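Student: Build me a structure from this.
(one chain, ligands or ions: 1)
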Amino acid sequence: MFDQVFLGREFFEMLERQDEAIAERVAAAGCPVCAGPLHRGDYDRKPRGGLIARAGEAFVKRFSLCCGREGCRKRATPPSLRFLGRRVYVGAVVILASIVAHALGVAAQARAATGVPARTTRRWLAWWMGPFLSTEVFVAIRARLIEVNAAALPASILNRLPGTVTEQVGLLVTLLAPISTGTVPDGSRFVRVVA
Ligand SMILES: [Zn+2]
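Tutor: Modelled structure (predicted):
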């Protein structure tokens, strides 16, 4: 199953390149609040990869931008394929560990397979099958994929995507990217989904 999947350095290099491209597009569009010039203001995070994506822990830089206009100076953090909001674990692990925990049901087994504590995957599953359902991202996914079972998220989305498990995860973190930030509204404008 997915506990056989290990996401290596190449995978995260690919995500980071896309994050860089997204940041450049957001910068080119200007400040979402005042249309002022956006300057780079990256910051470091301490991402965790559990047993599935240890390589992802080396990719610490969260690309971010700051408005240069006096009196605004708002931060605009672009959508990201690596970081899913404020969660400590990388987005790919949020997806895969949730699926493993949901499929195995037995907390100790899921933890042994993914390295993610059961209370964490429980919280994620409550999010997938709760607040996530009312996001624009989920509405768009459902319109695109038809018949996504809302009671088996996120597996019911992943299974509908093309490619190997690694490619499916890469695609799903791309689809989720707009919800990885609260400071760039309508973030899907800046994300290119290649399937
Ligand atoms: Zn501004």
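
Student: and for the worst-scoring helix or strand of the chain on mean pLDDT, what are the contacting residues?
Tutor: Each helix and strand of the chain was given a mean pLDDT (mean pLDDT, DSSP states H and E); the minimum falls on helix 107-114 at a mean of 86. Contacts with helix 107-114, where a contact means CB atoms under 8 Å, 6 or more residues apart in numbering, come from 1, 3, 50-52, 93, 96-97, 100-101, 104, 116-118, 121. Backbone N, C-alpha and C define where each C-beta goes, glycine included.

Student: same question, stretch 118-131
Tutor: By CB under 8 Å, 6+ apart, the residues outside stretch 118-131 that reach it are 87, 89, 94, 97-98, 100-102, 107-108, 110-111, 114, 150-151, 153-154.

Student: Need the buried ones from those selected in PyMOL.
Tutor: Buried residues within these, as defined by 16 or more other CB atoms under 10 Å, are selected in PyMOL through the command that follows:
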select buried, resi 87+89+94+97+98+100+101+102+110+111+114+153+154
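
Student: so who does the closest residue to residue 80 other than its chain neighbours touch?
Tutor: Sequence neighbours aside, residue 180 is the residue nearest to residue 80 in space, at 4.6 Å (criterion: CB to CB, 6 or more residues apart in numbering). Applying CB under 8 Å, 6+ apart to residue 180 gives the contacts 79-81, 83-85, 91, 187.

Student: Give me the phi and psi for residue 180.
Tutor: Note on residue 180: its backbone torsions stand at phi -80, psi 0 [degrees, to the nearest 10].

Student: Can you name the two of the contacts of helix 107-114 that sit furthest apart?
Tutor: Across these, the longest distance by CB to CB is 19.2 Å; it joins 1 and 117.

Student: More neighbours: which of the two?
Tutor: Here residue 1 and residue 117 are set side by side on neighbour count (other CB atoms under 10 Å), and the busier one is residue 117, at 14 against 11.

Student: For the longest helix seen in the chain, which helices and strands make contact with it?
Tutor: Taking residue count as the measure and DSSP state H as the definition, the longest helix of the chain comes out as helix 9-29. Where contact means 3 or more CB pairs under 8 Å, 6 or more residues apart in numbering; DSSP states H and E, helix 9-29 is packed against strand 38-40, strand 65-67, helix 165-176.
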